[in-house]
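Q: What shape does this take:
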Amino acid sequence: MQQFHYGIAVFFIMIQIDDKILSLDLFERQFICDLPKCHGACCVEGESGAPLEEPETVILDEILPVIKHKLSNEAVKVIEQNGAWEVDIDGDMVTPIINGRECVYTLFDENGLCKCAFEMAHMEGLIKFRKPISCHLYPIRITKYAGFEALNYHAWHICQPARDLGAKKGLPLFRFLKAPLIKKYGEDFFKKLEEAEKLLQKQNSF
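A: Residues are numbered from 1 along each chain as shown. Next up is the predicted model:
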């Protein structure tokens, strides 16, 4: 381990910034979502809906009447049965899904591209909420422990187009997710991420 200023510690396989433990993948992986190629498959594939934080469940209940008209009939039926959000088999609060597939808040355009009902309503000025932070931060997954949070990269085969585009552009994962990282943790935290990147580059040059 090497201890540095700004509350940053660099280990062999991870970085600690304040009370956050970060996988080196956030700095070493290159990633840019390529929706024309993946068609937003992360909104469809998987065994459960998008993870939600407790305050987000309140927001979903409040904004459902505003966005309900955008949803498919099947999605509305699921929501009427299960609610705007639900608790999955692991005990996590999540968005409901349709027949074990897409999130109820997923919309499909004429080309089969997935779009988010929250984000579309946000862009239209109907709601302030853009999307669940777990969606906005993906493929970073946050796990909360007593006294700290762990930020890890979730590798999924459906995101290969994003890895290809990220490698082509040379953009590290944490920089691709600058906006949601700042939304979640603030400007100072992102500045520490940039400082950590410099320290890693310096360390790797030895």
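
Q: Would you map the helices across this structure?
A: 25-28, 35-38, 54-67, 73-82, 117-123, 133-137, 160-169, 173-176, 178-185, 187-204 (DSSP state H).

Q: Reformat these as a markdown table; add mean neighbour count.
A: (C-beta placed from N, C-alpha, C; glycine too.) A markdown table is the format used below for those (neighbours: other CB atoms under 10 Å):
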| stretch | mean neighbour count |
| --- | --- |
| helix 25-28 | 20 |
| helix 35-38 | 14 |
| helix 54-67 | 15 |
| helix 73-82 | 14 |
| helix 117-123 | 18 |
| helix 133-137 | 20 |
| helix 160-169 | 16 |
| helix 173-176 | 21 |
| helix 178-185 | 16 |
| helix 187-204 | 15 |
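
Q: Kindly check the end-to-end length of stretch 30-39 for me.
A: Using CA to CA, to the nearest Å, the end-to-end distance of stretch 30-39 comes to 19 Å.

Q: Contacts made by it with the rest, please.
A: Residues from elsewhere that reach stretch 30-39, judged by CB atoms under 8 Å, 6 or more residues apart in numbering: 111-114, 139, 158-159, 161-167, 169-173, 176.

Q: Check stretch 78-93 too.
A: 48-49, 51-54, 56-57, 60-61, 64, 68, 71, 94-98, 104.

Q: Please apply the same query to stretch 162-169.
A: With contact meaning CB under 8 Å, 6+ apart, stretch 162-169 is reached by 29-34, 38, 139, 172-173, 176.

Q: Which of the residues you listed fall in strands?
A: Per DSSP state E, strands hold no members of the contacts of stretch 162-169.

Q: Please name the nearest non-neighbouring residue to Lys128.
A: Counting by CB to CB, 6 or more residues apart in numbering, Lys128 lies nearest to His122, which is 7.1 Å off, once chain neighbours are set aside.

Q: I'd say the one you found and His136 touch.
A: No: here His122 lies out of contact with His136, judged by CB atoms under 8 Å, at a distance of 11.1 Å.

Q: Return every residue with contacts to both of those two.
A: By CB under 8 Å, 6+ apart, the residues touching both His122 and His136 are Arg130.
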